[in-house]
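Student: build me a model from this:
(one chain, ligands or ions: 2)
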Amino acid sequence: MGNSKSGVVSREVLDDLKVSTRFSEAEITQWYENFQKQCPSGRITPAQFEEIYGRFFPDSDAKTYAQHVFRSFDTNDDGTLDFKEYIVALHMTSSGKMALKLEWAFSLFDVDKNGYITKNEVFEICQAIFKMIPKEKQEMLPSDENTSEKRADKLWGFFGKGENERVAEGEFVKGVMENEDALRLIQCEPLK
Ligand SMILES: [Ca+2]
Ligand SMILES: [Ca+2]
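Tutor: Ligands and ions are numbered 1, 2, ... in the order given. Coordinates of the predicted model:
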């Protein structure tokens, strides 16, 4: 009680985030202050997120990809990102741990959040990723990767599944870990 004043992160959220991310209390508090400054309402809307995201990719069309990233961060599905979701997102995407990054990548590809990835979902994300590649770079891509369809085909091939089968999280992580090309194809170049 008494810690619901704006400007102070609640004890509950703080403790929760310390456990789930291993960030220090000082780090979380600092981020909270920044978050409150940038976002006084305490919630990031999809439009705000797209705008922030777009700034990092001025030469490409980041809108669709940003929408997918937003969806993957919005774990409680309420259409906004709160501080907790924001910090967990930061933790997952900035982590040096491959397993954690791939866990997030899985949620990015699992468009309907049902715990499996279909080829259609792979295609959808490949389309979004492809739009992130600046035009002049698209022209330099190898012939089996120069459209979003081809990229989806290639990526799907690494999982050893039929067209209408689906990929579970463990299979996704394994497929990507075992193939450098798969790892490259699930990423947007500018993000590394
Ligand atoms: Ca949310
Ligand atoms: Ca799915």
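
Student: element containing the spatially most central residue of the chain, please.
Tutor: The structure's the chain has its C-alpha centroid closest to Val69; by C-alpha atoms, centre = their mean the separation is 4.1 Å. Using DSSP states H and E, Val69 maps to helix 63-73.

Student: partners of the very next helix or strand once past that helix in the sheet?
Tutor: Per DSSP H and E, the first helix or strand lying C-terminal to helix 63-73 is strand 81-82. Partner strands for strand 81-82, per DSSP bridges, with pairing direction: strand 43-44 (antiparallel).

Student: can you list contacts of the strand it pairs with?
Tutor: Contact with strand 43-44 is made by Ile52, Thr80, Leu81, Asp82, Tyr86, as judged by C-beta atoms under 8 Å, 6 or more residues apart in numbering. Using the backbone N, CA and C atoms, a C-beta is placed for each residue, glycine as well.

Student: show me the contacts for the second one.
Tutor: Yep, that's Thr80 we're talking about. Counted by C-beta under 8 Å, 6+ apart, Thr80 has contacts Arg43, Ile44, Thr45, Pro46, Asp74.

Student: can you say which of these are buried?
Tutor: Ile44, Asp74 (16 or more other C-beta atoms under 10 Å).

Student: closest one of the contacts of Thr80 to Val176?
Tutor: Asp74 (23.0 Å; C-beta to C-beta).

Student: just the helices in this protein please.
Tutor: For the chain, helices defined by DSSP state H occupy the ranges 11-21, 25-38, 46-56, 63-73, 83-94, 98-109, 119-132, 135-138, 148-157, 169-177, 180-185.

Student: got the buried residues for the first one?
Tutor: For helix 11-21, burial by neighbour count (16+ other C-beta under 10 Å) applies to Val13, Leu14, Leu17, Thr21.

Student: what's the closest non-adjacent residue to the first one?
Tutor: What it means is Val13. Lys84 (5.6 Å; C-beta to C-beta, 6 or more residues apart in numbering).

Student: what's the answer for Glu171, then?
Tutor: Computed as C-beta to C-beta, 6+ apart, the closest residue to Glu171 that is not its neighbour in sequence is Phe159, at 6.0 Å.

Student: what distance do you get for that neighbour to ligand 2?
Tutor: 13 Å (C-beta to the ion, to the nearest Å).

Student: gap between that residue and Asp110?
Tutor: Distance of Phe159 to Asp110, computed by C-beta to C-beta, to the nearest Å: 13 Å.

Student: what's the answer for Phe73, then?
Tutor: 13 Å.

Student: need the overlap of contacts for these two.
Tutor: Contacts common to Phe73 and Asp110, judged by C-beta under 8 Å, 6+ apart, are absent.
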